[in-house]
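Enquirer: With the sequence up front, the predicted model follows.
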Amino acid sequence: MNARVKDSPLPLGLRAMREDDLAAVQLIESRAYEFPWSVGIFRDCLRADYPAWVLHHEERIVGYFLMSVAAGEAHVLNVCVAPEMQGHGYGRRLLHALLQIARGRSVARVFLEVRPSNTSAIALYHDEGFNEIGRRPRYYPAKDGREDALVMAMELLPPT
């Protein structure tokens, strides 16, 4: 899959994440999140053969996603855009690619967790058809203890 983002300031492509991308991916992760994943977590996801893709401009990675797929369901593990690149629709492009890959793997339902404080991500997920189905108390680490997670899900329609 090598697609360009429509109406974006840069020509961007999508490709499968590789082991040699992990340092760049983790650098974005550490700049975007207060409690980032380690390189080891990303490496474990690649070794488990989870769908993992990067959004790139030439050789520079600007975003990525990872998900797990099993028993007709997908779980969004991580979607991230470099902080300086946010606000240009790249997160939406990553989400669209993730959903396309999920459909290609005959996924019927996609789940994710999101921090209630991440209002821009919540708005994107709602806009793309996700619905809140629950809450996981004290799911995420936070400065002052733990933060709940909103659990969201989306039913994927079979391709027409």
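Expert: That came through fine.

Enquirer: Tell me where this structure has strands.
Expert: Counting by DSSP state E, the chain has strands at residues 13-16, 52-57, 60-70, 73-81, 109-114, 131-142, 145-155.

Enquirer: center of the protein - which residue?
Expert: Geometric centre of the chain, nearest residue: V79, 1.9 Å, by Cα atoms, centre = their mean.

Enquirer: What pLDDT does the model give the closest residue to M152 other than its chain neighbours?
Expert: Distances taken as Cβ to Cβ, 6 or more residues apart in numbering put F130 closest to M152, at 4.2 Å, once the chain neighbours are dropped. Heads up, the C-betas are built off the backbone N, CA and C, glycines and all. As predicted, F130 sits at a pLDDT of 98.

Enquirer: State the distance from F130 to E58.
Expert: Going from F130 to E58 by Cβ to Cβ, to the nearest Å gives 32 Å.

Enquirer: repeat for N131
Expert: Using Cβ to Cβ, N131 is found at 37 Å from E58.

Enquirer: neighbour count winner among these two?
Expert: Using other Cβ atoms under 10 Å as the criterion, N131 and E58 rank with N131 on top: 11 against 8.

Enquirer: Now do stretch 151-160: distance to the chain's middle.
Expert: Relative to its parent chain, stretch 151-160 has a centroid offset of 16 Å by Cα atoms, centre = their mean, to the nearest Å.

Enquirer: do you know how far A123 is from F130?
Expert: Distance, A123 to F130, by Cβ to Cβ: 11 Å.

Enquirer: Please apply the same query to R43.
Expert: Taking Cβ to Cβ as the measure, R43 and F130 are separated by 28 Å.

Enquirer: quick one: which of the two has more around it?
Expert: Shown here are R43 and F130; by other Cβ under 10 Å, F130 has more neighbours (22 against 13).

Enquirer: Do you know the pLDDT at the residue nearest to R135 when sequence neighbours are not counted?
Expert: With sequence-adjacent residues excluded and distances taken as Cβ to Cβ, 6+ apart, R135 is closest to D148, at 5.3 Å. At D148, the predicted lDDT confidence score is 95.

Enquirer: likewise G40?
Expert: pLDDT, G40: 97.

Enquirer: hmm, back to that, so the residue nearest to M152 touches E155, yeah?
Expert: No: counting by Cβ atoms under 8 Å, F130 sits too far from E155 to count as a contact (9.7 Å).

Enquirer: can you list the weak-confidence ranges in this structure?
Expert: 1-10, 158-160 (pLDDT under 70).
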